[in-house]
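A.B. asks: Coordinates only, no sequence provided:
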C-alpha cells in the first residue's frame, strides 16, 4: 500500500480510538486513566502525522479487527468496476458515516407518529420530499436497495398467476420480485440493436392477453439495462403500457443519481433507484417514488389488529415494514445528495469522457463495442476477442495477463481473466484519469505489438 494512504488510514483509526475513550467516559470529563490513554493516542497520532509529512514509515496497522483487510482501492487505483463507479461515497457521506454509523442513530429524535419519513431531526422528512422532487414524482420512500422497491410494487399490484411484462434484459431481482408476489414474467424480445421498443412491448402485451385472457398487472422496464447499458425508449413504452391501462415501473438503477430523471415527463407510475449503485450511498440503499394516484396502494398503512392485545399500528406502511433505512446507510445518502444533484447536471460531460476512452480502445485493432456507439452511458460492454484475447491465447497467464498489466499500472475493476467480452464503467473519473486509463490500454497494446489504427 502507498505509505501515505497507509498513514491516512492509521490516522483515521487512531482518531476513532480517541473517540472511543470519550464514549467510555462520564459527561463530566475524562478521569486520570482516560486522560493518560488519550495523551498516548495523541502522541501516536503525532507520530503518524510526522510520517505522513515525511512520506515514509512502516505499517502499524494491517488488519481491522484482526481479520479485515484495509480497503484502499479507491485511494490507490482507478476503479472501472461496472457496478461500483457511481456508488463511491462522497467525502460528506464518509463524514456522515463517522458520526451516524451507530445502528439506530436516525431515531435519536423520533417522535410520534414514529415513522422514518416523519423524522425532522435530522431532516429525514424534508429529504423524502426532496427525493420526490428530484425525480419529479409526488411521493418518495427510501428502501434497502432497488430490489426492495421492485418488491414493494410487485407485492402491492401483482397477484397469484398475474403476468408482468419485463425486458429480455431484465435484472434477476425483477424476476424474484415478481415470483415472490406469485406472478409470472413475460419478456419483451430485443430488436437487432439490443433495444426494447414500444412496438415490441405492445406486441408482447397483446400476446399475453390472447394467452391468458387477462391484461398484465404491471410493466417493469429498465431505462438503461445492466447487460449492455443501452438506453431504451421508456417514454414510448410507458405510452404503450397506459394504452392498456397497465401501470409501469421505471428501473433507474443506472440512471437515478447519475443523470437527470423526470418520472412524470417519461409518463411512468413508479421510479426505482439504487443508492449504493448510483447515488454515492452505503449499501443497501435505494429509492422508490410514485405518483399520488398509486401512493395509497403501494404505501398503504396496516389495518391489522392483535386478537388478544387489540394492538394496532395504523401509521406503519406495510410494504416498508414500518421503517427502512436506519443509521449510517440513510445518512450517507442524505449527505451525498447535494453532490449527487449537482453531478447529474454534468451528465453530458461524463458521457463525453466515456466516448473518449471507447474511441481510444477502438483504435486498438480487433476491439469492438457491444453496447450502443457512440455511447449514451458510461457503462459499456466491450469485446476484445480480436485484440487482447489474441495475446491471451499464447500468454502463460492466459487472460489474466491483462489484469496483471492493468493492476501494475493502478487500474482495477475489470473482470479478472476476461479478455473476450467484459464491462467497465468510467463514471466519476476526472478527465486526467480517463486520459491515463486510455493511455494505459494503448501502452499495453503496443507492448504486445497489437496494431493501433490511426
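C.D. replies: Yes, it's here. All of these numbers come straight from a predicted model, not from anything done at the bench.

A.B. asks: For the stretch 351-454 of the chain, which segments count as strands?
C.D. replies: Here the stretch 351-454 of the chain has its strands, by DSSP state E, counting those that start in this stretch, at 368-369, 379-383, 411-412, 421-425.

A.B. asks: Need those in TSV (columns: mean pLDDT).
C.D. replies: Below are these laid out as TSV (pLDDT from 0 to 100):
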stretch	mean pLDDT
strand 368-369	98
strand 379-383	98
strand 411-412	98
strand 421-425	97
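
A.B. asks: Columns mean neighbour count and distance to residue 357 on top of these, output as JSON lines?
C.D. replies: Backbone N, C-alpha and C define where each C-beta goes, glycine included. Shown next, in JSON lines, are the strands of the stretch 351-454 of the chain (neighbours: other Cβ atoms under 10 Å; distance: least, Cβ to Cβ, whole Å):
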{"stretch": "strand 368-369", "mean neighbour count": "16", "distance to residue 357": "11"}
{"stretch": "strand 379-383", "mean neighbour count": "22", "distance to residue 357": "8"}
{"stretch": "strand 411-412", "mean neighbour count": "20", "distance to residue 357": "11"}
{"stretch": "strand 421-425", "mean neighbour count": "21", "distance to residue 357": "8"}
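
A.B. asks: what about the helices in the stretch 151-300 of the chain?
C.D. replies: Assigned by DSSP state H, counting those that start in this stretch, the helices in the stretch 151-300 of the chain fall at 172-180, 198-212, 234-243, 263-266, 275-278, 292-298.

A.B. asks: closest one to residue 87 among the ones you listed?
C.D. replies: helix 275-278 (4.8 Å; Cβ to Cβ).

A.B. asks: Name the residues that touch that closest one?
C.D. replies: Outside helix 275-278, the residues that touch it by Cβ atoms under 8 Å, 6 or more residues apart in numbering are 83, 86-87, 142, 145-146, 252-258, 281-287, 329, 332-333.

A.B. asks: Return the subset of the residues you listed lying in strands.
C.D. replies: 142, 252, 286-287 (DSSP state E).

A.B. asks: Looking at the strands of the stretch 351-454 of the chain, spot the one closest to residue 100.
C.D. replies: Across those, closest to residue 100 is strand 421-425 (Cβ to Cβ), at 28.1 Å.

A.B. asks: which secondary structure elements does the closest one contact?
C.D. replies: strand 379-383 (3 or more Cβ pairs under 8 Å, 6 or more residues apart in numbering; DSSP states H and E).

A.B. asks: Packing partners of the strand it packs on?
C.D. replies: Packed next to strand 379-383, using 3+ Cβ pairs under 8 Å, 6+ apart, are helix 347-362, strand 368-369, strand 421-425.

A.B. asks: can I get the ones you listed in TSV with distance to residue 183?
C.D. replies: As requested, the helices and strands packed on strand 379-383 are exported to TSV (distance: least, Cβ to Cβ, whole Å):
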stretch	distance to residue 183
helix 347-362	34
strand 368-369	35
strand 421-425	29
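
A.B. asks: Ok, which of the ones you listed comes nearest residue 436?
C.D. replies: helix 347-362 (10.2 Å).

A.B. asks: Remind me what the closest one packs against, helices and strands.
C.D. replies: Using 3+ Cβ pairs under 8 Å, 6+ apart: helix 347-362 touches strand 368-369, strand 379-383, helix 431-447.

A.B. asks: change it to 10 Å
C.D. replies: Packed against helix 347-362, as judged by 3 or more Cβ pairs under 10 Å, 6 or more residues apart in numbering; DSSP states H and E, are the following elements: helix 328-344, strand 368-369, strand 379-383, strand 421-425, helix 431-447.
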